[in-house]
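**Q** Sequence and predicted structure below; questions after.
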Amino acid sequence: MNDKTLIEICVNSVQSAVEAQKGGAHRVELCDNMYEGGTTPSYGSIETARKYLKIGINVMIRPRGGDFCYSDLEFEIMKNDIETAKKLKADGIVFGILKPNGSIDIERSREILHLAKPLSVTCHRAFDMTADPFQALDELIDLGVNRVLTSGQRASAWEGSDLIAQLVQKAKNHIIIMPGVDIFESNIQQLAAKTQATEYHVFVQKKIESRMTFRNFKAFMGSNPDLPEYETFITDPDRVRAICNLMKI
């Protein structure tokens, strides 16, 4: 990997974070509840991750799945979670708050930025739900946000690569544009050539079968019976390593 390229791995657990570090990742985005796109991890997860990781840890600050227009109560939870992340020595936080009209909630975002200091701040894919990405980018730059995670307002980073390339050009040295969503070994080099981004947000996993020998298939624990009950997913360190190796000059 060249000295200008950084690979961040999105992880769903402390074990995944450890595996990402083994694979050579520079940083992890620590989340919970990946089936809803990631929510804030627990106190115990952040504390344990910090104990075992030497690489950077950015903590997702998102109180629920769904949209990014939050109630006063949800905003209070977010602020409390930022205090927790700071206390547990996270390196950064990841958040996004929108107004009903699809614009950045500048007032609340400014409050978040002030509270998060001196941590690094990433605006997550709430950016992809803004009505005007170029206006949103200008506002995030003015706020002092460090980076934007984006799929170019499309279902994948490759589909949104035209917009990502434009955002990278517009951002210059003011803010980092970090492509994410469906970035794999098969397309990261092409995406890098097209967008000229210097940081990439990657989610690569492998399936782990449950150790349970007794299995009751007549009941399920979640609200969706189609979700697997007897398997989990963790970061695949070999795939992380492969991606890191591909990005070397």
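**A** Received the coordinates, thanks.

**Q** Show me the shaky parts of this protein.
**A** For the chain, the stretches flagged by pLDDT under 70 are 1-3, 249.

**Q** Now do the same contact list for Trp243.
**A** No Trp there; residue 243 is Ile. 7, 183-185, 188, 200, 202, 204 (C-beta atoms under 8 Å, 6 or more residues apart in numbering). Where you see a C-beta, it was placed from the backbone N, CA and C, and this is true even at glycine.

**Q** Where does the residue nearest the centre of the chain fall, secondary structure wise?
**A** Centrality entry for the chain: nearest residue to the mean C-alpha point is Glu29, 4.9 Å, by C-alpha atoms, centre = their mean. Element membership of Glu29 [criterion: DSSP states H and E] is strand 27-30.

**Q** So which residues make contact with that strand?
**A** Residues contacting strand 27-30 (C-beta under 8 Å, 6+ apart): 6-11, 14, 16-17, 20-21, 38, 41, 45-46, 49, 53, 55-60, 90-91, 94, 122, 201.

**Q** Could you tell me which of those are located in helices?
**A** The helices, defined by DSSP state H, take in 14, 16-17, 20-21, 45-46, 49 from those.

**Q** ok now the top helix by length along the chain, how far from the chain's centre?
**A** Longest helix of the chain, by residue count under DSSP H: helix 72-87. Its chain's C-alpha centre and that of helix 72-87 lie 17 Å apart, by C-alpha atoms, centre = their mean, to the nearest Å.

**Q** circling back to that earlier point, any idea what the residue nearest to the centre of the chain is bridged to?
**A** Going by DSSP bridges, Glu29 is paired in beta bridges with Cys10, Asn58.

**Q** May I have the strand holding Glu29 exported as CSV, CA atoms only?
**A** This file holds the C-alpha atoms of strand 27-30, laid out as CSV (Å, rounded to 0.1, in the frame of the first residue of the first chain):
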residue,chain,number,x,y,z
ARG,A,27,-8.4,1.6,10.8
VAL,A,28,-11.8,0.1,11.6
GLU,A,29,-15.2,1.5,11.8
LEU,A,30,-16.8,-0.2,14.8
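
**Q** Show me how far it is from its chain's centre.
**A** Strand 27-30 sits 7 Å away from the centroid of its parent chain (C-alpha atoms, centre = their mean).

**Q** Show me what stretch 76-92 is in contact with.
**A** Contact with stretch 76-92 is made by 27, 30, 40, 43, 46-47, 50, 56-59, 61-63, 70, 93, 95, 97, 111-112, 115-116, 119-122, 146, as judged by C-beta under 8 Å, 6+ apart.

**Q** Buried ones only from those residues, please, as a ChimeraX command.
**A** When burial is assessed using 16 or more other C-beta atoms under 10 Å, the buried subset of the contacts of stretch 76-92 is captured in ChimeraX by this command:
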select :27,30,40,46,47,50,56,57,58,59,61,62,63,70,93,95,97,111,112,115,116,119,120,121,122,146
